[in-house]
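Visitor: structure, please.
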Amino acid sequence: MQLITPLSRRKLKWPLFISLLLTLLAPAAPIPLPIFFLSPCIVLALYRFKFAKAFMFTFFLGLFLDLFSLETRLGLIGTALALSLAAVSPFKKVLFADQFYTLPLMTFLFSFFATMATSVLFPGVLDAEFVGKALFTEGLIMPFADACYAFTVFILPEILYGLTYRLIRRNA
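Guide: As a prediction, this is how the structure comes out:
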């Protein structure tokens, strides 16, 4: 019995729409949400498409983010995300697409590598006085928050729907 649809068979349209909507609306939130909402979509693209297509999708998604960013030069976020995708793609062979923990774990890894690539490409991102604290917060806590977001928005509703459907079908 399978809990979720394998990542390689999932459509990308609705997750991309939800993530782009949250990315565009997050700056208007009264509480700052430093979650990278697009990371689960990039991981889904890695499992859904061949590597070259996922790489181009990630790069152009980063270019889209660059258009809304005031602090970076055009192409740097796209380059950082594409490098992160290249770093996380070997894990695709180890983490299978049909397990419920794959999307959150790959989202964590992608966000971790994106943070490291961003800190290399943008040397002023991490505060020099608090490098250890910033590395812990940006390198571990925020990728964990991204993984929790991936689980609660993309995996948990499908699990709950499947369990509810089976419970109703069994009692009917």
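
Visitor: any idea how far residue 17 is from residue 150?
Guide: For residue 17, the distance to residue 150 (C-beta to C-beta, to the nearest Å) stands at 16 Å. In this view, the C-beta of every residue, glycine as well, is placed from N, C-alpha and C.

Visitor: my bad, residue 102
Guide: Plainly put, residue 102 is 10 Å away from residue 150 if you go by C-beta to C-beta.

Visitor: who's more crowded, the two?
Guide: Comparing residue 102 with residue 150 by neighbour count (other C-beta atoms under 10 Å), the higher total belongs to residue 150, at 29 against 22.

Visitor: run a quick neighbour tally on residue 63.
Guide: Other residues within reach of residue 63 by the criterion other C-beta under 10 Å amount to 17.

Visitor: need phi/psi at it.
Guide: Residue 63 adopts backbone torsions of phi -60, psi -40, taken as degrees, to the nearest 10.

Visitor: just residue 96 next, same as before
Guide: Per degrees, to the nearest 10, the backbone of residue 96 is at phi -80, psi 150.

Visitor: that one contacts residue 102, doesn't it?
Guide: Yes: applying C-beta atoms under 8 Å, one finds residue 96 in contact with residue 102, separated by 6.5 Å.

Visitor: identify the contacts common to those two.
Guide: Here residue 96 and residue 102 share no contacting residue, scored by C-beta atoms under 8 Å, 6 or more residues apart in numbering.

Visitor: now for the top helix by length along the chain, which elements pack on it?
Guide: For the chain, the helix reaching the highest residue count under DSSP state H is reported as helix 102-121. Based on contacts counted as 3 or more C-beta pairs under 8 Å, 6 or more residues apart in numbering; DSSP states H and E, the elements that helix 102-121 packs against are helix 39-48, helix 76-88, helix 142-150.

Visitor: of all those helices, which one is nearest residue 55?
Guide: Taking C-beta to C-beta, helix 76-88 is the member of those nearest to residue 55, at 5.7 Å.

Visitor: can you pull the buried residues of that closest one?
Guide: Buried residues in helix 76-88, defined by neighbour count with 16 or more other C-beta atoms under 10 Å: 76-85, 87-88.

Visitor: circling back: okay, the helices and strands packed on helix 102-121 in TSV with mean pLDDT next?
Guide: Listed next are the helices and strands packed on helix 102-121 as TSV, based on pLDDT from 0 to 100:
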stretch	mean pLDDT
helix 39-48	91
helix 76-88	92
helix 142-150	92
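
Visitor: roughly how far apart are the residue nearest to residue 148 when sequence neighbours are not counted and residue 110?
Guide: In space, not counting the residues next to it along the chain, residue 148 is nearest to residue 104; the distance is 7.3 Å by C-beta to C-beta, 6 or more residues apart in numbering. Residue 104 sits 11 Å away from residue 110, going by C-beta to C-beta.

Visitor: good, we can wrap up now.
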